[in-house]
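Peer 1: Got a predicted structure plus its sequence, pasted below:
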Amino acid sequence: MSSETIQVPDLGGVDEVEVIEISVEVGQSINADDPLIVLESDKASMEIPAPFAGEVESILVSVGDTITEGHEIVVMKSVGEAASTAPKQEELESAVVPETNEKVETQAPTKEPATESVQSPVAKQPSSGESSEQPAASIHAGPSVRKLARECEVDLAHVSGSGPKGRVLKDDLKAYIAAQVKQAASGGGVLPQAKEVDFSRFGEIEEVAVTRIGKKTAENLHASWLTIPHVTQFDEADVTDLEAFRKQQKKSPDAPANLTPLPFILKAVAHALQQYPLFKSSLKPDGNLLVMKDYCHIGMAVDTPAGLMVPVIQDVDKKSIWQLAIETAEIGEQARNKKLRPDQMQGGCFTVSSLGNLGGQGFTPIINAPEVAILGVSSMQVKPVYDGEKFIPRKMLPVALSYDHRVINGADGGRFSGLICASLADLRLLLM
C-alpha cells in the first residue's frame, strides 16, 4: 500500500472555505467516494469525498480551520491502484460560487480578527460575468480582505493598513467603508445600529450561532435592500383553468413527473422576459451601461435546512412544461440534500420565489442582485369574481413583482406583471 496526500479540489472561484466537520478518523478504512471532511462556503456546504478506497493515515486539518484550494487535508494509504488525489468537480456534493470570473487568490490564507459579515450600505454582491480590478500586488492583504474589497468595489490602495508592515485588515476595510458612507450621506450620516439587549434578564435563553450561509444571505439581502430602489407591483392571476388542466394532466398514467404550478409560472415568466428583455438585464456598477442578456436562465428560491438557496434553471424558454417539472423537482431535491454543483448556482437573470401552499396573501420579495427584478408568488385562494352578471368562484394566485426603479419604470412593471397573469390565465398565450 502507498500513501497519498488528499488536497482540496478546485472550488470554482471560492477564495476560502471553513472546515465544519471531520467525517473520518485516523486508522479508519473507507471506500471510494466516502466523505472525508465537510466544508462550508458563503452559501452552501460541500463534502470532499475520498478519491479511492483505503485507510486514513493522518488528518491534516481541524474543525474551524479556514482553507483554500490545494490545501492538504488527509493522508491515505491506498488499496490497489490509486485514483487521482483530487476529486473531480462533478463529485463535489454542493458548492456555491460568487457569480464572478475573478481568479482565485494564490496567497496563503491568514487569520483576520474581525467578523466575516459586513453590514454596510455600500456592500454589494459580485456581478455575474463581471470582474473587479485586482488590488495591486504590493498591497499587503489576505485573500478574505481582497475578496471583500472586490465585492464592495473598494480599491485597497486607498485603505490604510494597521497590521504588521502596513497589512490591511478587515477592520481597516470596514472603517474605510463606514467613512465613505458617512461622507456620501446627505445630512443623515450612517444608519443607526440597534442596541444590544441582555435578554437573559427576562428568562432563560439559548444563543445559537448563525451559519455562514445565513450570514452571507443576510449580508447580500441587506446590501440589495439598501442599494437598490425597490418598487413592488402586486397583482392576481386567475388560474382556474390552469389548475383544471394541471390536475387533468397529473391523472395521466404517462405523466413523467409530479406537475406542480411552478413549471407553468416559470414558463409564463420566460414568455414575459422574451417580450420585455429589460427585466433580465443587469446595471453596471457605474450606472452608465446595461448588460442585455440573450439567454433566459431563471433562479428558483429553495428553502433548505441550511438556509435559502437559489439554483438556476437554464434556458427556460426552450424547455417544455414536463421538462421543467422534472428539472425543478430534481434540482430542488439536490439543493435540500447539498448535492448542487457550482454551475447550477450561477448565471440567473431573473428569480422566482414561490411560497406554494405555505400561505399568505402577498409579500415584498427582495431583488437578487445583480438581477433587476424578482417575482414573488403566494398561496392560491378561491375568491368571488364578478363576470358582468354575477359573482362566481375563481382560483386566484397572488403575485408580487419587485423591480429596480433605476432600470424599470412603473408602466413597464405593470405591463410585465400583467402579461404574466394573462399567460397563467390563458395558457394559449404561451404559444404566441
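Peer 2: Looks like it arrived, so ask away.

Peer 1: so where's the longest strand in the chain?
Peer 2: Scanning the chain for the longest strand, with DSSP state E as the assignment, gives strand 391-404.

Peer 1: and that one, what does it pack onto?
Peer 2: strand 230-238, helix 240-250, strand 373-377, strand 381-386, helix 410-425 (3 or more Cβ pairs under 8 Å, 6 or more residues apart in numbering; DSSP states H and E). C-beta: built from backbone N, CA, C; applies to glycine.

Peer 1: and these, which is most packed in?
Peer 2: strand 373-377 (a mean of 26; mean count of other Cβ atoms under 10 Å).

Peer 1: got a list of what residue 425 touches?
Peer 2: 237, 238, 239, 241, 242 (Cβ atoms under 8 Å, 6 or more residues apart in numbering).

Peer 1: Dump the helices and strands packed on strand 391-404 into TSV; add distance to residue 348 as well.
Peer 2: Formatted as TSV, the helices and strands packed on strand 391-404 follow (distance: least, Cβ to Cβ, whole Å):
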stretch	distance to residue 348
strand 230-238	18
helix 240-250	24
strand 373-377	10
strand 381-386	29
helix 410-425	17
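
Peer 1: Residue 178: which of the ones you listed is closest?
Peer 2: Minimum separation from residue 178 across the helices and strands packed on strand 391-404 (Cβ to Cβ) falls at strand 230-238, 23.8 Å.

Peer 1: Now the closest one: average pLDDT?
Peer 2: Mean pLDDT, strand 230-238: 96.

Peer 1: For it, C-alpha coordinates in PDB please.
Peer 2: Taking Å, rounded to 0.1, in the frame of the first residue of the first chain, the C-alpha atoms of strand 230-238 are listed here in PDB:
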ATOM      1  CA  HIS A 230     -37.300  48.700  -5.000                       C
ATOM      2  CA  VAL A 231     -40.800  49.100  -6.400                       C
ATOM      3  CA  THR A 232     -43.200  46.200  -5.900                       C
ATOM      4  CA  GLN A 233     -46.200  45.700  -8.300                       C
ATOM      5  CA  PHE A 234     -49.000  43.500  -6.800                       C
ATOM      6  CA  ASP A 235     -51.400  41.600  -9.000                       C
ATOM      7  CA  GLU A 236     -53.500  38.400  -9.100                       C
ATOM      8  CA  ALA A 237     -53.700  35.700 -11.800                       C
ATOM      9  CA  ASP A 238     -56.900  33.800 -12.400                       C
END
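
Peer 1: ok, that strand: who's next to it in the sheet?
Peer 2: Its sheet considered, strand 230-238 pairs with strand 391-404 (antiparallel) by DSSP bridges.

Peer 1: and the strand it pairs with, how far from the chain's centre?
Peer 2: 26 Å (Cα atoms, centre = their mean, to the nearest Å).

Peer 1: Show me which positions of that strand end up buried.
Peer 2: Residues of strand 391-404 classed as buried: 394, 395, 396, 397, 398, 399, 400, 401, 402, 403, 404 (neighbour count, 16 or more other Cβ atoms under 10 Å).

Peer 1: Please verify my assumption that the fifth one contacts residue 238.
Peer 2: No: between residue 398 and residue 238 there is no contact, the gap being 11.5 Å when judged by Cβ atoms under 8 Å.

Peer 1: neighbours around residue 157, how many?
Peer 2: Using other Cβ atoms under 10 Å, residue 157 has 10 neighbouring residues.

Peer 1: these two touch, right, it and residue 141?
Peer 2: No: between residue 157 and residue 141 there is no contact under Cβ under 8 Å: 10.5 Å.

Peer 1: All the helices of the stretch 251-400 of the chain, in order from the start?
Peer 2: Taking DSSP state H, counting those that start in this stretch as the test, the helices found in the stretch 251-400 of the chain are 261-275, 321-336.

Peer 1: Check those for me and report the most buried one.
Peer 2: Using mean count of other Cβ under 10 Å, the stretch among those with the largest mean neighbour count is helix 261-275, at a mean of 22.

Peer 1: And that helix, what does it pack against?
Peer 2: Using 3+ Cβ pairs under 8 Å, 6+ apart: helix 261-275 touches helix 240-250, strand 298-300, helix 321-336, strand 350-354, strand 373-377, helix 410-425.

Peer 1: These: which one's closest to residue 279?
Peer 2: In terms of Cβ to Cβ, the element of those nearest to residue 279 is strand 373-377, at 4.7 Å.

Peer 1: got any ranges where the stretch 51-200 of the chain has weak pLDDT?
Peer 2: Flagging of the stretch 51-200 of the chain using pLDDT under 70 yields the residue ranges 80-138, 142-144, 164-165, 182-192.

Peer 1: hmm, 90 instead?
Peer 2: Along the stretch 51-200 of the chain, the model assigns pLDDT under 90 to residues 51-52, 63-66, 68-70, 77-197.

Peer 1: For it, just list every one of the strands.
Peer 2: Counting by DSSP state E, counting those that start in this stretch, the stretch 51-200 of the chain has strands at residues 54-59, 66-67, 72-78.

Peer 1: Take those strands and lay them out in CSV including mean neighbour count.
Peer 2: Output for the strands of the stretch 51-200 of the chain, formatted as CSV (neighbours: other Cβ atoms under 10 Å):
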stretch, mean neighbour count
strand 54-59, 18
strand 66-67, 20
strand 72-78, 19
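
Peer 1: closest to residue 293 out of those?
Peer 2: strand 66-67 (34.5 Å).

Peer 1: tell me which strands and helices the closest one is in contact with?
Peer 2: Counting by 3+ Cβ pairs under 8 Å, 6+ apart, strand 66-67 packs on strand 17-22.

Peer 1: Buried residues, the strand it packs on. List them.
Peer 2: Buried residues in strand 17-22 (16+ other Cβ under 10 Å): 17, 18, 19, 20, 22.

Peer 1: residues in contact with the third one?
Peer 2: Yep, that's residue 19 we're talking about. By Cβ under 8 Å, 6+ apart, the contact list for residue 19 reads 37, 38, 39, 61, 62, 63, 64, 65, 66, 67.

Peer 1: excluding its backbone neighbours, what's nearest the fifth one?
Peer 2: Ranked by Cβ to Cβ, 6 or more residues apart in numbering and with sequence neighbours excluded, the top spatial neighbour of residue 62 is residue 19, at 6.7 Å.

Peer 1: For the chain, list the residue farthest from the centre, please.
Peer 2: For the chain, the residue at maximal distance from the C-alpha centroid (Cα atoms, centre = their mean) is residue 389, at 47.8 Å.

Peer 1: Closest one of the buried residues of strand 391-404 to residue 373?
Peer 2: residue 403 (4.2 Å).

Peer 1: pLDDT wise, what is the closest residue to residue 234 other than its chain neighbours at?
Peer 2: In space, and not counting its chain neighbours, residue 234 is closest to residue 400: 5.2 Å by Cβ to Cβ, 6+ apart. Turning to residue 400, the model gives it a pLDDT of 97.
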